[in-house]
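Asker: Task: produce atomic coordinates for the following.
(one chain, ligands or ions: 1)
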Amino acid sequence: MAAANLIDGRAIAEQLHTETAQRIAALKARGIEPGLAFVRVGEDPASKVYVGMKEKTGARLGIRSATHVLPEKTSEAELLKLIAELNADKSTHGILVQAPLPAHINQATVFSTVSPAKDVDGFHPVNVGKLMLGDTTGFLPCTPAGVHELLIRSGVKISGAEVVVLGRGNIVGKPMAAILIQKAKHANATVTICHSATRDIAAHCRRADILVAALGVAHFVKADMVKPGAVVMDVGVNRIADPQAKGGSRLVGDVDFDAVQPIAGKITPNPGGVGPMTIAMLMQNTVRAAEMQT
Ligand code: GUN
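Answerer: Residues are numbered from 1 along each chain as shown. Have a look, this model is predicted:
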């Protein structure tokens with residue numbers, strides 16, 4: 001039997017999909033089909049899986065998508081040229097360049113070439129800046145926006161809460177903190193970001209009412225790092241060896257779920273927690289991009 005304190009990301013993502021599908025129907029009634037372009041460079045196995053899942057969900061909701069796969073050796077200039085074409089294409093409302101990119105390509109240059117109006121990943125400096133400024137006309141990065149939506153829809157009180165975010169990456173940690181510190185409804189938290197140079201991470205974690213783990217270390221968060229009753233959000237996707245599993249490995253989160261679940265107030269399973277929400281927020285961003293462009 002499922003534990004009672006689980007935050008069911010799959011079910012909440014379906015609620016969002018229902019709302020998004022209604023907006024898509026309204027766009028289609030006006031003759032507009034939301035269009036999303038995926039760009040993948042090279043054959044990173046995880047990126048293939050992620051883009052495949054995003055395409056499939058888009059198709060189910062009525063978003064037309066096109067995936068552009070470029071060879072690993074593609075030059076930065078060639079990639080920027082494709083992005084410029086997609087920026088100019090009226091039927092493409094959203095553009096997602098899947099990270100990581102090959103080492104010879106500057107990721108920041110690529111993200112800042114995508115038109116801010118089509119930047120459904122929320123990685124363009126204009127959208128990052130809008131998030132910091134509390135200007136809600138931009139796009140939020142999908143994973144931290146998904147964690148935020150899970151907290152809201154699970155009835156977690158964010159205002160005044162002590163939040164500890166593990167990880168300071170541009171995709172999750174930094175934007176997560178920026179979302180939660182805003183002077184806004186469902187925000188107003190006191191946020192600490194911990195990273196590889198933080199002294200006594202466990203002591204920080206034990207203060208948290210809400211703990212967001214996004215550092216990319218398998219099973220990093222142990223039971224003695226969690227305050228009883230705390231809300232634990234596990235963003236991690238880590239492949240670990242497991243001779244019993246198909247293919248000899250399996251995916252686990254940043255939280256030692258079996259140890260932490262009994263003491264957490266609420267906790268995301270992993271898989272089935274944050275992951276589905278990342279995709280749901282991407283679909284929502286894409287529909288919003290289409291609404292704003294038309
Ligand atoms: N790689 C890992 N997460 C993401 C994401 O949210 N968007 C893109 N484009 N690449 C990623």
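Asker: Can you tell me the closest non-neighbouring residue to whichever residue of the chain sits closest to the ligand?
Answerer: Of all residues in the chain, Ala99 sits closest to the ligand, at 3.7 Å by Cβ to the nearest ligand atom. C-beta coordinates here come from the backbone N, C-alpha and C atoms, glycine included. What sits nearest to Ala99 in space, not counting adjacent residues and going by Cβ to Cβ, 6 or more residues apart in numbering, is Gln107, at 6.2 Å.
Asker: again, but for Gly9
Answerer: Gly273 (4.1 Å).
Asker: Distance-wise, check the one you found relative to Leu180.
Answerer: 18 Å (Cβ to Cβ, to the nearest Å).
Asker: again with Thr143
Answerer: Distance of Thr143 to Leu180, computed by Cβ to Cβ: 14 Å.
Asker: Then Gly42?
Answerer: Distance from Gly42 to Leu180, counting by Cβ to Cβ: 34 Å.
Asker: Which one's more surrounded, these two?
Answerer: More neighbours surround Leu180 than the other of Gly42 and Leu180, with 25 against 17 (other Cβ atoms under 10 Å).
Asker: Need the phi and psi values for the more buried one.
Answerer: phi -80, psi -20 (degrees, to the nearest 10).
Asker: Equivalent analysis for Ala213, please.
Answerer: According to degrees, to the nearest 10, Ala213 has phi -100, psi 110.
Asker: what about Asn170, how many residues close to it?
Answerer: By other Cβ under 10 Å, the burial measure for Asn170, its neighbour count, is 14.
Asker: can you pull the pLDDT of it?
Answerer: Asn170 is assigned a predicted lDDT (pLDDT) of 97.
Asker: Next, the contact list for it, please.
Answerer: 123, 128 (Cβ atoms under 8 Å, 6 or more residues apart in numbering).
Asker: would it count as being in a strand?
Answerer: No - assigned with DSSP: H, G, I helix; E, B strand; the rest coil, Asn170 falls outside any strand and is coil.
Asker: got the residue ranges for the strands in the stretch 1-150 of the chain?
Answerer: 35-41, 64-70, 94-97 (DSSP state E, counting those that start in this stretch).
Asker: Return the most buried member of these.
Answerer: strand 94-97 (a mean of 26; mean count of other Cβ atoms under 10 Å).
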